[in-house]
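Student: Any chance you could fold what I've pasted below:
(chains A and B)
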Amino acid sequence: MDKTYILNNGILELYVLGELNRHEQQQVEDALEQYSELKTELDHIEKSFETLALQNGMHVPSSVKSALLENLSSVSPKTVPLQASTKSLNKYYIGIAASVAALLLIGLFYIYSELNTTKEQLQLAEEENIKLSDEIKNLNNDFNEIANWYITINNPNTQKYIMTGNALRPEATVVSYVNNIDKSVIINTKQLPELDDAHDYQMWADVKGEMINMGLIDTSKEMLAMTYIDDAESLNITIEPSGGNDHPTVSQLITNVYLR
Amino acid sequence: MSNENTIISRLKLKDESALADLYDKYSAALYGVIVRMCKDEGNAQIILQDTFMTIWEKPHLYDAKKGRFYTWAYRIAKNKTLNFLRKPENLIQVEDLSVYKDKTEDVTNDVDTLKLKGSIQHLDAHHQRAIELVYFNGLTHREAHKEMGVPLGTFKSYVRQALKQLQQSYVKLIVFLMLLIEITK
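Tutor: The predicted structure is shown next:
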């Protein structure tokens, strides 16, 4: 749109009245910037309309102004608290998120500690389990041993000999079970007094005047299998230095029994 | 003018007193336009308030390089009024003659209320009518020339001539006022 076209076609009037579309409006605005003459003409038209409007103004009830200003003050602070409230809303959400995160963290720590406790308990249980199974193994062994002894003792071929202590050890009593068929010797050491660390009880078999070693007596055990010696005529127990002796110390003989 | 620029700067900084100043200056003029367009004072008051709310909320849309502040405000008021009149419920009211009559009676029982005053009264009748149609009734040039039964070109020249005459009358008025001021001094 050039200057002449705008002036001759009353385009500026249409512009002031708002009758142009956006594209035409833009063209007029471009032309206005370019030609000061157009701007002057526009100003005249605007002032004419404006004066016309001012001359034909109508009284507005004062309530409209007060309502408007009231609206402003209710709208403008609203925009501030609205931002504040969104902020506080954000804060609120951040708070919730933080709480959730904290709870998750606490939960995680709880689960972690629970896991550790459980692991410890599991370890303890495993240890206990091992202990128990060891115990069972021991009990089984003991049971088997005792059962064996029982079988041995109750065997009709087994002879029972009570060996009572002499003047040297009158409180001592050892029960011996000898089976010449199975070739076994078992003794019950329950009533054999404990010795000091420097000494051990040792058992001997008398075979044709010669004392043959049947082994050391472990007093911590109630029942004990000793070495069976063929053709033994008697069983003898002596007190020997710790670890035993090759030959019996006859002066330290505490008990003996002749076999039938 | 520079005073108005200051007011608008304050308005853009969300100074409520600036809006109050603009309201004091232009509300009556805008209200005159709105009432003459919708012929209903109650709705005109709502539209006027709405117009100033838009001015308050969107002052950044006003660019002094593109025209005067009042022209901008007038366009806002005109568009709001036209939108209001285009709403279906308002069309129904217009069709219902009894309601329409009652409503118009409210406003126009005093015919003088809507009658144009001031310099325009000194114009020829067809010039007055042309201005009234496009400026106070919100018709487009295309609608208004049919209303007056004259070709569009003729109608455009009516408007231009009317404005020229108004402008001259204002100049005369200003000269008269200045003389009056000189005399009273």
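
Student: rest of the way, CA atoms for contacts and neighbours
Tutor: Will do.

Student: Apart from its chain neighbours, what residue comes closest to A:Tyr258?
Tutor: A:Ser234 (4.1 Å; Cα to Cα, 6 or more residues apart in numbering or on different chains).

Student: Hmm, that neighbour is touching A:Thr255, no?
Tutor: No - the pair A:Ser234 / A:Thr255 is not scored as a contact, 10.5 Å apart, by Cα atoms under 8 Å.

Student: Looking at the two now, which is surrounded by more residues?
Tutor: Neighbours were counted for A:Ser234 and for A:Thr255 using other Cα atoms under 10 Å in any protein chain shown; A:Thr255 has more, 22 against 17.

Student: Can you classify that one by secondary structure?
Tutor: On the three-state scheme (DSSP: H, G, I helix; E, B strand; the rest coil), A:Thr255 is labelled strand.

Student: Check A:Asn245 too.
Tutor: Secondary structure assignment for A:Asn245 (three-state DSSP): coil.

Student: how far away is it from B:Leu179?
Tutor: Distance, A:Asn245 to B:Leu179, by Cα to Cα, to the nearest Å: 158 Å.

Student: Looking at these two, which is more packed in?
Tutor: Between A:Asn245 and B:Leu179, counting by other Cα under 10 Å, A:Asn245 is the more crowded of the two (17 against 12).

Student: Show the backbone phi and psi for the more buried one.
Tutor: Main-chain dihedrals, A:Asn245, degrees, to the nearest 10: phi -130, psi 160.

Student: Which positions in chain B make contact with chain A?
Tutor: Contact residues (Cα under 8 Å from any Cα of the partner chain) of chain B with chain A: B:16, B:20, B:23, B:26-33, B:45, B:49, B:52-53, B:66-68, B:70-71, B:75, B:116-120, B:134-135, B:140-141, B:156-157, B:160, B:163, B:166-167, B:170.

Student: Out of the residues you listed, which sit inside strands?
Tutor: Using DSSP state E, no member of the residues of chain B next to chain A falls within strands.

Student: Return the members of those classed as buried.
Tutor: By neighbour count, with 16 or more other Cα atoms under 10 Å in any protein chain shown, those hold B:16, B:20, B:23, B:26-33, B:45, B:49, B:52-53, B:66-68, B:70-71, B:75, B:116-117, B:119-120, B:134-135, B:140-141, B:156-157, B:160, B:163, B:166-167, B:170 as buried.

Student: mind listing the helices for the stretch 51-200 of chain A?
Tutor: For the stretch 51-200 of chain A, applying DSSP state H, counting those that start in this stretch gives helices covering A:62-154.

Student: Identify the spatial nearest neighbour of the residue in it that chain B sits nearest to, chain neighbours not counted.
Tutor: Closest residue of the stretch 51-200 of chain A to chain B, Cα to the nearest Cα: A:Gly57 (3.9 Å). Distances taken as Cα to Cα, 6+ apart place B:Ala29 nearest to A:Gly57, at 3.9 Å, with adjacent residues excluded.

Student: If anything else comes up later, I'll come back, but that's it for now.
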